[in-house]
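Participant: when you get a sec, could you give me coordinates for this:
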Amino acid sequence: MHSSEYWSTAQAVEELAAGRVTAVEMLERAIARIETFDQSLNAVVVRDFERAREAATTADAALARGERRPLLGVPMTVKESYNVAGLPTTWGMPPFRDWVATEDAIAVARLKAAGAVIFGKTNVPFALGDWQSYNEIYGTTNNPWDVGRTPGGSSGGSAVALAAGYVSLELGSDIGGSLRAPAHYCGVYSHKPTRNVLPVRGHVMPGAIGGTPDLNVIGPLARTAGDLAVAVDVLAGPDVFDATAYRLQLPPARHDTLRDFRILVVDSHPLLPTSSDVRAALDTLATRLRSAGATVAQASPLLPDLTQATKVFVQLLMPVLFARQPPEAIAHLAAAAARLPASADSMAAWRLRACVSSHRDWLAADAARIGLAHQWRALFAQWDVVLFAPMPTPAYPQDESADVNARTLDIDGTAYPYFDQIAYASLASAPGLPATTAPIGRTPSGLPVGVQIIGPYLEDRTTIRFAELLEREWGGFVSPPGF
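Facilitator: Residues are numbered from 1 along each chain as shown. As a prediction, this is how the structure comes out:
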């Protein structure tokens, strides 16, 4: 883990600044590692090695002149869904196979301005719509802990690139767990920021104009919590169009020691159980936190109703996901919704009705979201962070069956509807709260398990700092066997 392939970004920056390694050397090591391992993992699906070599040479010249920038000379990949000038952006959708971006997404531009050397893009599911990462254009990305299992999605290739030692920092996005699930399944860190803290322009479906839609955020993945903080500092702040009038000043973390934190642990969801392996890891963490002197509880009357919170999220999410469906698809969904019994009150029924909801329906869901935000604000007056599972299970076997609605998820021997996993993303996503995912252990079979650290609105530094303290006390990322 101390070899250069598994340096943190902070270590890499230090080594580069001291002249003990060059940017060209670091890039070539990354390329060699991809050529060694990616035939079986298939994470880096768009490669831009030659332009990256030129950028690394330029970075070395800047370092030699004494320039210092937060990421100067550090090799990076980014999620395929980001626009990078001169490279394809497809979102895994065959109609966009030949669509090439003409300018960088604002996040990519900020990474480059900080000195990062972008040398490729990592795989995603079709339309970023799965917790697996496969599509007809680029194929399937596999989890380095077990190549028969999902690495997560939609930032699956991002998490694999980190776990396999290709890069120390990656750029992903999240609307329904797309940063949190891959970090949890691959044993790395991610940060889903407070909504609108990191600008999204240029992370958009090919051919669309503007930023990504409601609920979606962009965010970093890394192998250390400290590197998440570095990335947020580079990426955060208003888009140039808003910077005429606005500045961002995130408050500092609430506390700097674990014993000062007030922690609410939620180890289950009424709509979908948490697997015994994940729940055991959460329970162990709660015990450790108590032993460290923290205030820990596992229930609070201030916690919003989780069923209602998930329902609100589904009502907001489905119009976003189906906004660009053709009229015939919407007509089919409308007919199916009309056949639902009035008494149908499952997540499947919520999804179907939400797909064909009216603007009036959406406004009602948005009002409910505002109500949820007020409830969370009251909770965070008493508690500093809420710990929850990123997803209900560890990484599960790949399932590429075409009908996602027919898929099931095995939780301790019982089959549940596959899509119901969205419940675990809904808590932080509906009210736009920050959520940092950190590795906290492994299952008896050796698969990683993470924790989702949910914090107060705009207090991103609190959740990242809490992850740093966990890492300092009990360790964090461990490289997969064989890597």
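Participant: quick one: end-to-end length of stretch 100-108, please.
Facilitator: 15 Å (C-alpha to C-alpha, to the nearest Å).
Participant: I'd say Tyr189 and Gly226 touch.
Facilitator: No. Tyr189 is beyond contact range of Gly226, at 9.3 Å (criterion: C-beta atoms under 8 Å). C-betas here are computed from N, CA, C, even on glycine.
Participant: pull the distance from the lowest-mean-pLDDT helix or strand in the chain to the chain's centre.
Facilitator: Lowest mean confidence among the helices and strands of the chain (mean pLDDT, DSSP states H and E): helix 327-338, at a mean of 85. How far helix 327-338 lies from its chain's middle: 31 Å, per C-alpha atoms, centre = their mean, to the nearest Å.
Participant: export only the CA atoms of the very next helix or strand once past it, formatted as CSV.
Facilitator: For helix 327-338, the following helix or strand on the C-terminal side (DSSP states H and E) is helix 347-355. Provided in CSV are the C-alpha atoms of helix 347-355 (Å, rounded to 0.1, in the frame of the first residue of the first chain):
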residue,chain,number,x,y,z
MET,A,347,-42.2,1.7,-4.2
ALA,A,348,-42.9,0.2,-7.6
ALA,A,349,-46.3,2.0,-7.7
TRP,A,350,-44.7,5.3,-6.6
ARG,A,351,-42.1,5.0,-9.4
LEU,A,352,-44.7,4.3,-12.0
ARG,A,353,-47.0,7.1,-11.0
ALA,A,354,-44.1,9.5,-10.7
CYS,A,355,-43.0,8.8,-14.2
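Participant: report the angle between helix 347-355 and helix 327-338.
Facilitator: Angle of helix 347-355 versus helix 327-338, following axes from the mean of the first three to the mean of the last three C-alpha atoms, to 10 degrees, is 130 degrees.
Participant: still on that earlier bit, neighbour count winner among Tyr189 and Gly226?
Facilitator: Each of Tyr189 and Gly226 has its neighbours counted (other C-beta atoms under 10 Å); Tyr189 has more, 28 against 20.
Participant: so what's the closest residue to the more buried one other than its chain neighbours bridging to?
Facilitator: With sequence-adjacent residues excluded and distances taken as C-beta to C-beta, 6 or more residues apart in numbering, Tyr189 is closest to Ala222, at 5.0 Å. For Ala222, the beta-bridge partners are Leu169, Tyr189 (DSSP bridges).
Participant: also Val44?
Facilitator: Thr122.
Participant: contacting residues around the residue nearest to Tyr189?
Facilitator: Shown in contact with Ala222 (C-beta atoms under 8 Å, 6 or more residues apart in numbering): Ser8, Thr9, Leu162, Ser168, Leu169, Glu170, Val188, Tyr189, Ser190, Leu228, Ala231.
Participant: do you know how far it is from Cys186?
Facilitator: 12 Å (C-beta to C-beta, to the nearest Å).
Participant: shared neighbours of these two, anything?
Facilitator: In terms of C-beta under 8 Å, 6+ apart, Ala222 and Cys186 are both contacted by the residues Leu162.
Participant: gap between the residue nearest to Tyr189 and Val230?
Facilitator: Counting by C-beta to C-beta - Ala222 and Val230 are separated by 8 Å.
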